[in-house]
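S.K.: Take this sequence and fold it.
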Amino acid sequence: MAYLPLNYDQINLISGTEIASVEKNRSVTFDYWVRTLFQRASSNLIFGVPDFWKGDIENFLYYCMLRFGFVSVQDLTGKSDEGDKIGMCFSPVGLTGINFYYQRTIAVLTNPTLTNSYELEIGKDCELLCMTPDKMGIWDVIERYAEMLANLDNAINISIINNKFPFILGGKTKAAVQALKKLMDKVNAGEPAVFYDMRIMDDQTTKDTPFQFLQRDNLKQSYLTTDQLMDLHTILSDFDSEVGIPTIPYQKKERETAFESQSQLADGQARSLVWERTINSSIENIKKLYPDLELSFRLRWEVDENVNSEDNNDRSGNSTGIQE
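M.R.: Have a look, this model is predicted:
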């Protein structure tokens with residue numbers, strides 16, 4: 001299933017048949033985390049592109065690769081007057097046709113700025129630059145973690161509000177209430193000592209104290225914000241591991257060896273190494289069709305596989321074995 005924009009009828013159908021439709025996370029907070037995680041994931045990918053793809057065009061390439069999983073690279077020169085102006089380009093495309101190995105053979109290029117669409121034969125008229133073997137991008141990963149973070153974000157906000165517990169004071173008369181307000185004003189003003197007339201402590205009618213104080217016991221035991229913030233860091237750490245960003249678990253063991261730490265880092269590189277292999281394999285095919293196109297790729301973070309013991313540090317003094 002490819003990631004494609006949905007029309008109104010499709011969105012309405014999905015929303016109306018979604019299980020637990022009351023609880024949806026397509027909120028501003030969800031969008032915030034999607035945007036944050038997209039930028040976080042793209043930071044690990046470094047494309048080397050020709051000068052005429054720099055700037056906004058390069059930014060669009062990153063979005064297409066993470067969102068759609070692939071783009072078509074082609075030279076439109078000679079195909080039309082519009083194509084002559086565009087020249088060498090990349091674009092999200094639709095795929096059709098199939099070969100013996102169940103791979104797509106035709107890329108259908110359409111664009112609002114083009115008068116006509118193009119059906120390009122893959123391997124002859126164009127080549128695909130793919131990020132994942134299944135050509136699906138990683139938007140499912142981004143949305144999965146964005147949903148968890150959006151839910152937890154809301155819980156943290158509620159927890160912070162509930163932990164704002166002020167003094168709750170009561171007075172039997174207006175005079176008692178005004179006296180309490182004056183006392184709190186002096187306290188909040190930072191006066192080192194606050195004085196009051198002892199006579200106001202005895203009610204003339206009931207001979208009882210005119211003041212009441214509502215106390216909330218066990219406040220520390222009901223403080224959940226610390227645990228929730230730890231969970232937030234754990235989810236972000238899990239996402240970093242998914243996209244190949246080196247991370248140390250929030251609950252790091254006290255005597256964790258370099259090998260154990262390196263194993264965790266290598267585990268976090270599993271998916272990103274698949275992306276690297278897929279992208280570089282695609283670039284090789286593109287170079288066969290367009291030898292002069294300056295296109296390259298590398299991961300920002302790489303794990304030094306030579307780190308295998310607690311005492312095996314690299315010569316630069318970096319014991320983590322992470323190279324940028």
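
S.K.: where does the stretch 101-250 of the chain have low pLDDT?
M.R.: Applying pLDDT under 70 to the stretch 101-250 of the chain flags the ranges 165, 198-223, 248-250.

S.K.: That one: helices as residue ranges?
M.R.: For the stretch 101-250 of the chain, the helices defined by DSSP state H, counting those that start in this stretch cover 139-162, 174-188, 225-243.

S.K.: could those be laid out in a markdown table, adding distance to residue 69 and mean neighbour count?
M.R.: (Each C-beta comes from the backbone N, C-alpha and C, glycine too.) What follows is those, written out as a markdown table (distance: least, CB to CB, whole Å; neighbours: other CB atoms under 10 Å):
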| stretch | distance to residue 69 | mean neighbour count |
| --- | --- | --- |
| helix 139-162 | 8 | 17 |
| helix 174-188 | 58 | 13 |
| helix 225-243 | 14 | 16 |
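
S.K.: between those helices, which gets nearest to residue 43?
M.R.: helix 225-243 (8.9 Å; CB to CB).

S.K.: From the contact counts, what lies against that closest one?
M.R.: helix 28-42, helix 139-162, helix 258-268, helix 270-289 (3 or more CB pairs under 8 Å, 6 or more residues apart in numbering; DSSP states H and E).

S.K.: Serialize those helices to a markdown table and add fields for distance to residue 124.
M.R.: Listed next are these as a markdown table, based on distance: least, CB to CB, whole Å:
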| stretch | distance to residue 124 |
| --- | --- |
| helix 28-42 | 31 |
| helix 139-162 | 30 |
| helix 258-268 | 39 |
| helix 270-289 | 8 |
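
S.K.: For residue 182, find the nearest of those helices.
M.R.: helix 139-162 (28.1 Å).

S.K.: That closest one vs helix 225-243, what angle?
M.R.: 170 degrees (axes from the mean of the first three to the mean of the last three CA atoms, to 10 degrees).

S.K.: which residues sit against helix 139-162?
M.R.: By CB atoms under 8 Å, 6 or more residues apart in numbering, the surrounding residues in contact with helix 139-162 are 3, 25, 27, 29-30, 32-34, 36-38, 41, 66-67, 223-225, 228-229, 231-232, 235-236, 238-239, 242-243.

S.K.: angle of that helix against helix 28-42?
M.R.: Using the same axes, to 10 degrees: helix 139-162 against helix 28-42 is 130 degrees.

S.K.: by how many degrees do helix 139-162 and helix 270-289 diverge?
M.R.: 140 degrees.

S.K.: Give me the distance from helix 139-162 to the chain's centre.
M.R.: In terms of CA atoms, centre = their mean, to the nearest Å, the centre of helix 139-162 is found 11 Å from the chain centre.

S.K.: With stretch 58-68 instead?
M.R.: Worked out by CA atoms, centre = their mean, stretch 58-68 lies 15 Å from the chain centre.

S.K.: in that stretch, what counts as buried?
M.R.: Within stretch 58-68, the residues that qualify as buried are 61, 62, 64, 65, 66, 68, counting by 16 or more other CB atoms under 10 Å.

S.K.: Among those, which one sits closest to residue 90?
M.R.: residue 61 (6.4 Å).

S.K.: The closest one belongs to a helix, doesn't it?
M.R.: Yes: under DSSP: H, G, I helix; E, B strand; the rest coil, residue 61 sits within a helix.

S.K.: coming back round to it: so which of the helices and strands packed on helix 225-243 gets nearest residue 97?
M.R.: Nearest to residue 97 among the helices and strands packed on helix 225-243 is helix 270-289 (16.7 Å), distances taken as CB to CB.

S.K.: So the closest residue to residue 75 other than its chain neighbours versus residue 286, what's the distance?
M.R.: The shortest distance from residue 75 to any non-neighbouring residue, by CB to CB, 6 or more residues apart in numbering, is to residue 88 (4.8 Å). Here residue 88 is placed at a distance of 11 Å from residue 286 (CB to CB, to the nearest Å).
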